[in-house]
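Student: Okay, predicted coordinates and the sequence, questions at the end:
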Amino acid sequence: MSVISQVVTSTSGAPTEYNFIVVGSGFAGCMTTLNFLENAKSLGKAATVALIEAGKDGEQRGASRWTPAFFRLDKENKLDSNFKNEMKLVSNGLADQAYCEKLETDVPNTVQFLLNHEHT
């Protein structure tokens, strides 16, 4: 059975007790859910998760709402130099530029962390 299939997405007949509740099904919520379930599986434990989302069906969630389907990274894992302008464009000016700048600064270290932990 796939780990992700253990995520409870239905309200009808769902268990009333969960090991973990995640609010928001954007990138962070989905990865947190997956990480928890994979960790439980690696420990040989069963786990149930409630992944709660207030967004409408068919909408992208969290930061993915404003993000195009790609992050262009160079060979040093830095974001495309036009990233902030693209975010401003796709969000119709609603993207928080300070957040985009922080993301741009943190991406290389985050990508390196993920690369260092891809087989752990």
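Tutor: Arrived safely, thanks for sending.
Student: Can you give me the domain boundaries for the protein?
Tutor: 1-61, 66-120 (automatic domain parsing).
Student: Dump those to CSV, plus mean neighbour count.
Tutor: Backbone N, C-alpha and C define where each C-beta goes, glycine included. Shown next, in CSV, are the domains of the chain (neighbours: other C-beta atoms under 10 Å):
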stretch, mean neighbour count
domain 1-61, 13
domain 66-120, 13
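Student: got the residue ranges for the helices in the protein?
Tutor: Taking DSSP state H as the criterion, the chain carries its helices at 27-42, 83-90, 97-116.
Student: Compile the ones you listed into JSON lines and extend it with columns for distance to residue 77 and mean pLDDT.
Tutor: Compiled in JSON lines, the helices of the chain are given as follows (distance: least, C-beta to C-beta, whole Å; pLDDT from 0 to 100):
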{"stretch": "helix 27-42", "distance to residue 77": "17", "mean pLDDT": "87"}
{"stretch": "helix 83-90", "distance to residue 77": "13", "mean pLDDT": "84"}
{"stretch": "helix 97-116", "distance to residue 77": "4", "mean pLDDT": "87"}
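Student: May I see those arranged in CSV, with distance to residue 49 as well?
Tutor: As requested, the helices of the chain are arranged in CSV below (distance: least, C-beta to C-beta, whole Å):
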stretch, distance to residue 49
helix 27-42, 5
helix 83-90, 30
helix 97-116, 21
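Student: so which of those gets nearest residue 19?
Tutor: Minimum separation from residue 19 across those (C-beta to C-beta) falls at helix 27-42, 7.2 Å.
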